[in-house]
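> below are the sequence and a predicted model; questions follow.
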Amino acid sequence: MPRGVDRGFIMGYKAICDNCKGNGYIYVTDTKKQTEVKQCWSCESEGEINWSQAEVDDFIYNTYFRKRLH
């Protein structure tokens, strides 16, 4: 049973996007030194990255515990 379900909700985690710094768009400079505004592909122009509890649990397991087994 996932954490948070017993309380009636599923926990989610949010972080400000490192790529666009929370704006939802970035400036891209091409080879001709022209700057263009593009939508952020990391957060899909939302400014935040959302993770579910299952994704966080998988990350923690794969990062810390799986290395010990090999």
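Perfect, I can see it now.

> secondary structure element for R66?
Using DSSP states H and E, R66 sits in helix 66-69.

> run through the helices of the chain in chain order.
Secondary structure of the chain by DSSP state H: the helices cover 53-60, 66-69.

> for those helices, give me CSV that also has distance to Q34.
(Glycine included, C-beta is placed from N, CA and C.) What follows is the helices of the chain, written out as CSV (distance: least, Cβ to Cβ, whole Å):
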stretch, distance to Q34
helix 53-60, 37
helix 66-69, 45
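
> now for these, which one comes closest to G24?
Closest of these to G24 is helix 53-60, at 21.3 Å (criterion: Cβ to Cβ).

> would you put the C-alpha positions of the closest one in PDB?
Presented in PDB, the C-alpha positions along helix 53-60 are these (Å, rounded to 0.1, in the frame of the first residue of the first chain):
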ATOM      1  CA  GLN A  53       5.400   9.100  -4.400                       C
ATOM      2  CA  ALA A  54       6.100   5.900  -6.500                       C
ATOM      3  CA  GLU A  55       8.700   7.800  -8.600                       C
ATOM      4  CA  VAL A  56      10.400   9.100  -5.500                       C
ATOM      5  CA  ASP A  57      10.500   5.700  -3.900                       C
ATOM      6  CA  ASP A  58      12.000   4.100  -7.000                       C
ATOM      7  CA  PHE A  59      14.600   6.800  -7.200                       C
ATOM      8  CA  ILE A  60      15.600   6.300  -3.500                       C
END
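
> which strand residues bridge E36?
Bridge pairing for E36 (DSSP bridges) gives the partners V28.

> surely it meets I26?
No: contact criterion Cβ atoms under 8 Å: E36 and I26 do not qualify, at 9.5 Å.

> give me the most central residue, this structure.
Centroid-nearest residue in the chain, with Cα atoms, centre = their mean: I49, separated by 3.6 Å.

> per-residue pLDDT, that residue?
Per-residue confidence (pLDDT) for I49: 88.

> and it, what does it touch?
Shown in contact with I49 (Cβ atoms under 8 Å, 6 or more residues apart in numbering): K14, A15, I16, C17, S42, C43.
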